[in-house]
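>>> Provided below are the primary sequence and the corresponding predicted coordinates.
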Amino acid sequence: MSLQFFDQAWSAGDGVDDDQQDETQQGRQIMTSRDGTIFLVDCGKEMFEPISLNMKKESDGDDDDDQTNITDDIKTPFQLVMKAAQTFYQSKIISNDKDLMGIILYGTEKSKNSFDFKHINILHELSQPSAERIIELETLSSEDKYLDLYKKEFGSVNLTYSYSLNEALWTCSNLFSNSPQRLTVKRIFIFTCNDQPHATNLILERQAKQRAKDLNDVGIQLELFPLLTKTIIKFDYRKFFQDMLMLADEDLELLEKKPFNKLDELLKRVLAKEHKKRAYCTVPFKFGMIGDSQMEMSVSVYNIVRPCPKPTKIKLDKKTNLETKIVTKHYLPETAEILMPSDIQYGLDIAGRRILFEQDEIKAIKKFDDEPGFRLLGFKQMSCLKPFHYVKPGHFIYPDEKYVEGSSCLFNALLKKCLDKQMFVLCQFTARRNTPPRMVALIPQKEEFDAKVPTDKIASNGFHVAYLPYADDIRSLPKFDPPRATQDQIQKFRQIIKALKFKYRPDKLENPTLQTLWRSIEAMALNKDKPDEFVDLTIPNIERMEDKAGQFVEDLKTLIFPVGYAGSKKLAAKRKADGDAANESKKSKMEDAAEIETAARNGSLQKLTVPIMKDYCRDKKIRTTGTRKQDLIDAINAHLSIAS
């Protein structure tokens with residue numbers, strides 16, 4: 001197989017200096033993507049009826065979620081939608097603040113749109129979320145204020161107005177078209193209690209379905225969120241929305257089994273940065289020479305885990321509150337002359353001599369291979385990998401057909417053989433130009449689906465890239481023979497481990513530092529009295545641990561430390577000695593202060609040393625005009641005369 005690659009296809013960054021990138025920013029640069037979401041909310045009189053109890057039970061019944069989605073303040077579906085929009089806005093500010101959002105109400109008495117459509121009101125234009133919008137949505141979801149504000153801004157809630165869903169969708173499309181930012185994903189969320197909005201007008205029904213098809217053709221996604229009330233206990237997709245959303249029978253069955261799962265996701269408060277699922281690096285995988293040609297395939301490299309840092313601080317001008325620009329200049333100390341980059345050299349002190357390097361020489365030192373990518377070295381048994389071989393977080397690779405056709409077929413064949421023979425691939429990996437090569441192990445992974453939900457994929461076919469240590473990375477520790485535990489002690493340890501064992505779920509443990517920071521910023525932006533409460537799950541639950549394993553721990557202490565163990569006596573003696581030393585030190589300071597005051601009254605302060613008088617002034621918090629002996633004497637005399 002002879003495959004030719006363009007040189008620029010495997011470059012680390014287009015026009016970006018390699019020295020400005022570290023190992024966590026490898027691969028080709030990808031433009032930042034923006035998502036656009038519009039909430040299209042039905043405002044018929046059914047939306048202001050009491051909400052169904054079934055929706056509350058479904059939303060509150062998730063044991064894994066520590067937050068109550070629907071509170072007692074939410075009485076109507078309209079409040080529920082406004083609460084969902086509020087949480088969506090707040091989550092987007094943190095997850096991806098570049099995304100655009102808007103809200104359109106249809107079925108209102110008052111109209112507000114650029115096409116003068118009847119009974120369609122644009123609450124929020126398509127733009128980035130702000131604190132003002134969140135406060136407005138919070139008011140529209142509150143039990144006491146939402147109805148008065150709605151009647152003032154949008155009209156009556158007791159009547160049903162003859163709107164056109166086609167015109168509402170047209171208004172959404174117009175907002176997307178007039179967006180100043182380029183959007184990669186466009187979505188419309190429809191919230192309604194009415195499963196057949198145009199039951200008496202087939203023309204409007206046909207127009208709405210055709211408009212939905214046109215939106216789908218241009219890449220605008222439609223999603224429906226059905227709402228139930230005490231009078232509307234069932235939502236039938238087959239009457240209208242199955243044809244409008246172009247749902248297959250299989251998809252409809254999944255929606256009917258749990259109709260509120262999408263709404264639950266909107267109501268969940270997620271304070272986490274959103275990371276786009278994209279490859280940061282696409283490189284060739286070289287198998288070796290076959291005759292005169294090179295056998296290669298193309299793979300994309302993905303990060304599975306990455307650190308989530310705090311947001312970068314922005315320096316502002318104190319007077320104007322505008323963002324400042326930092327300019328760094330290098331000066332020659334002797335002449336204060338500004339140095340240009342060409343005037344600066346890099347050096348290293350070795351054996352008392354300074355070795356100088358040019359910038360081109362430093363780049364040449366880093367350069368080991370002309371092209372980045374994987375180079376096959378061989379295969380080894382999975383048993384050869386040990387836990388201490390873990391050096392740093394790895395990656396995941398998947399075939400890429402964009403550059404090399406047939407990569408998926410070759411990749412799957414290699415994966416199948418590695419899984420059958422329980423072997424991993426040993427490779428040399430160069431992530432990008434001017435980076436040192438690393439020895440990596442490609443660990444095969446088989447595709448896996450969730451047993452409860454067969455459509456949910458847990459793991460994909462591919463290889464995990466595990467970095468292997470060099471000989472210099474492995475330390476030689478001194479050998480020693482520690483005391484061994486007895487069988488009774490080992491059995492007791494097993495009981496403790498079994499009692500304290502739990503299922504680790506990393507998606508349920510949030511970073512306390514980041515969560516506290518986000519909540520504090522949010523409280524300041526929304527004028528809250530205090531930040532929302534955060535439960536730190538990283539703090540051990542001592543009471544629960546004692547209930548489950550307290551007796552085992554006490555039994556283990558008895559086995560390891562028998563009655564009369566000398567270590568406990570030594571610890572008690574040490575604590576007593578420390579307390580006695582502190583008391584002696586306190587007593588000594590009091591005696592020194594009394595002697596200084598007696599000497600001051602007798603006029604014999606000249607006989608004392610400066611350190612003694614300094615300590616006295618520090619303990620009594622006496623301000624002195626200087627550090628000379630006479631200054632200290634004057635300060636002490638003044639202090640005693642004032643005190644007397």
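That came through, no problem. Quick caveat: nothing in here was measured; it's all calculated off a predicted structure.

>>> now the strands for the stretch 101-250 of the chain?
120-127, 185-192, 220-226 (DSSP state E, counting those that start in this stretch).

>>> Among these, which comes closest to Ser408?
The closest of those to Ser408 is strand 185-192. By CB to CB, the value is 25.4 Å. C-beta: built from backbone N, CA, C; applies to glycine.

>>> how big is the angle separating the closest one from strand 120-127?
150 degrees (axes from the mean of the first three to the mean of the last three CA atoms, to 10 degrees).

>>> Show me what counts as buried in strand 185-192.
Lys186, Arg187, Ile188, Phe189, Ile190, Phe191, Thr192 (16 or more other CB atoms under 10 Å).

>>> In a markdown table, list these along with pLDDT.
Formatted as a markdown table, the buried residues of strand 185-192 follow (pLDDT from 0 to 100):
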| residue | pLDDT |
| --- | --- |
| Lys186 | 93 |
| Arg187 | 93 |
| Ile188 | 94 |
| Phe189 | 93 |
| Ile190 | 93 |
| Phe191 | 92 |
| Thr192 | 92 |
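
>>> Closest one of those residues to Met524?
Phe189 (29.0 Å).

>>> Hmm, that closest one is touching Asp42, no?
No: the criterion here is CB atoms under 8 Å, and Phe189 misses it with Asp42 at 11.5 Å.

>>> Please report the distance of Met82 from Ala466.
48 Å (CB to CB, to the nearest Å).

>>> which among the buried residues of strand 185-192 gets closest to Asp243?
Ile190 (14.1 Å).

>>> Help me confirm that that closest one comes into contact with Leu222.
Yes: Ile190 lies in contact with Leu222 (CB under 8 Å); the separation is 6.6 Å.

>>> re the thing from before, would JSON lines of the strands of the stretch 101-250 of the chain with distance to His639 be doable?
Formatted as JSON lines, the strands of the stretch 101-250 of the chain follow (distance: least, CB to CB, whole Å):
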{"stretch": "strand 120-127", "distance to His639": "66"}
{"stretch": "strand 185-192", "distance to His639": "74"}
{"stretch": "strand 220-226", "distance to His639": "75"}
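
>>> Skipping its backbone neighbours, what lies nearest Tyr237 in space?
Setting aside the residues directly before and after it, Tyr237 is nearest to Leu252 in space (CB to CB, 6 or more residues apart in numbering), at 5.7 Å.

>>> Equivalent analysis for Phe241, please.
Nearest to Phe241 is Leu224, by CB to CB, 6+ apart, at 5.5 Å.

>>> which stretches of the stretch 51-200 of the chain have low pLDDT?
54-72 (pLDDT under 70).

>>> just so I have it, where are all the helices in it?
53-60, 77-95, 131-141, 146-154, 165-177 (DSSP state H, counting those that start in this stretch).

>>> any idea which of those is most buried?
helix 77-95 (a mean of 23; mean count of other CB atoms under 10 Å).

>>> Using PDB, write out the CA atom coordinates for it.
In PDB, the C-alpha atoms belonging to helix 77-95 read as follows (Å, rounded to 0.1, in the frame of the first residue of the first chain):
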ATOM      1  CA  PRO A  77     -45.900  25.000  32.800                       C
ATOM      2  CA  PHE A  78     -45.000  28.600  31.900                       C
ATOM      3  CA  GLN A  79     -43.100  29.100  35.100                       C
ATOM      4  CA  LEU A  80     -41.400  25.700  34.500                       C
ATOM      5  CA  VAL A  81     -40.200  26.800  31.000                       C
ATOM      6  CA  MET A  82     -38.900  30.200  32.300                       C
ATOM      7  CA  LYS A  83     -37.000  28.300  35.100                       C
ATOM      8  CA  ALA A  84     -35.500  25.900  32.400                       C
ATOM      9  CA  ALA A  85     -34.500  28.900  30.300                       C
ATOM     10  CA  GLN A  86     -32.900  30.600  33.400                       C
ATOM     11  CA  THR A  87     -30.800  27.500  34.300                       C
ATOM     12  CA  PHE A  88     -29.900  27.100  30.600                       C
ATOM     13  CA  TYR A  89     -28.600  30.700  30.500                       C
ATOM     14  CA  GLN A  90     -26.700  30.300  33.700                       C
ATOM     15  CA  SER A  91     -25.100  27.000  32.600                       C
ATOM     16  CA  LYS A  92     -24.100  28.400  29.200                       C
ATOM     17  CA  ILE A  93     -22.300  31.400  30.800                       C
ATOM     18  CA  ILE A  94     -19.900  29.000  32.400                       C
ATOM     19  CA  SER A  95     -19.900  26.100  29.900                       C
END
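
>>> all strands of the stretch 351-500 of the chain, in order?
Under DSSP E, counting those that start in this stretch, the stretch 351-500 of the chain gives strands at 353-357, 373-381, 395-399, 423-430, 438-445, 448-449, 457-459, 462-467.

>>> The closest residue to Arg133 other than its chain neighbours bridge partners, please.
Leaving aside its sequence neighbours, Arg133 sits nearest to His124 (CB to CB, 6+ apart; 5.8 Å). Note on His124: beta-bridge partners by DSSP bridges are Ile103.

>>> which regions of the stretch 201-350 of the chain lie under the pLDDT threshold?
Checking the stretch 201-350 of the chain against pLDDT under 70 turns up 257-262, 269-271, 273-276.

>>> picking that back up, TSV please, covering the helices of the stretch 51-200 of the chain and showing distance to Lys386.
Shown next, in TSV, are those (distance: least, CB to CB, whole Å):
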stretch	distance to Lys386
helix 53-60	47
helix 77-95	38
helix 131-141	51
helix 146-154	61
helix 165-177	54
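
>>> Of the ones you listed, which is nearest Ala635?
helix 131-141 (54.1 Å).

>>> and that closest one with helix 77-95, angle?
160 degrees.

>>> what does the domain assignment say about the protein?
When the chain is parsed with automatic domain parsing, its domains come out as 2-9+36-266, 373-473, 487-525+537-560, 572-639.

>>> Quick one: mean pLDDT over the second one.
Read it as domain 373-473. Looking at domain 373-473 alone, the average pLDDT works out to 90.

>>> number of nearby residues for the residue nearest to Arg133?
20 (other CB atoms under 10 Å).

>>> Would you check how far apart it and Asn96 are?
For His124 relative to Asn96 (CB to CB), the value is 17 Å.

>>> do Arg34 as well
8 Å.

>>> picking up where we left off before, next, give me the two most distant ones among the buried residues of strand 185-192.
Lys186 and Thr192 (19.8 Å).

>>> Which stretches in the stretch 401-550 of the chain count as helices?
Under DSSP H, counting those that start in this stretch, the stretch 401-550 of the chain gives helices at 407-421, 487-500, 512-525, 542-560.
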